[in-house]
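Colleague: pasting the structure only:
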């Protein structure tokens with residue numbers, strides 16, 4: 001990850017899966033906000049949260065909700081149906 005000063009503020013650049021993966025960048029007006037975002041992304045990777053859904057711009061709200069329902073809601077219903 002790197003922070004770079006540009007004309008419109010500060011830019012943070014990072015890659016999700018190392019060198020061979022797609023590069024992401026985001027611009028913030030202040031360096032403090034840029035560093036805060038950088039710490040947040042690092043914490044997401046360290047806790048192995050699903051950062052892909054956060055970072056990919058191609059995902060729409062509908063796509064995100066569908067994936068969330070399949071990961072979080074359906075397992076609950078499956079276990080409750082087996083118990084009943």
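Modeller: Yep, it's here. Just so it is clear, the structure is predicted and the values come from calculations on it, not from any experiment.

Colleague: tell me where the protein has helices.
Modeller: 31-46, 51-55, 61-68, 74-83 (DSSP state H).

Colleague: which of those helices has the lowest average pLDDT?
Modeller: If you rank the helices of the chain by mean pLDDT, helix 51-55 sits at the bottom with a mean of 55.

Colleague: with adjacent residues omitted, what lies nearest to residue 41?
Modeller: With Cβ to Cβ, 6 or more residues apart in numbering as the criterion, residue 41 has its nearest non-adjacent residue at 6.3 Å, and that residue is residue 14. Any C-beta I mention is one placed from the backbone N, CA and C, and that applies to glycine too.

Colleague: show me what that neighbour is bridged to.
Modeller: Taking DSSP bridges as the rule, residue 14 bridges to residue 24.

Colleague: and it, how many neighbours?
Modeller: 18 (other Cβ atoms under 10 Å).

Colleague: check contacts around it.
Modeller: 1, 2, 23, 24, 25, 38, 41 (Cβ atoms under 8 Å, 6 or more residues apart in numbering).

Colleague: if we go to 10 Å?
Modeller: Listed by Cβ atoms under 10 Å, 6 or more residues apart in numbering, the contact set of residue 14 reads 1-3, 21, 23-26, 37-38, 41-42, 45, 55.
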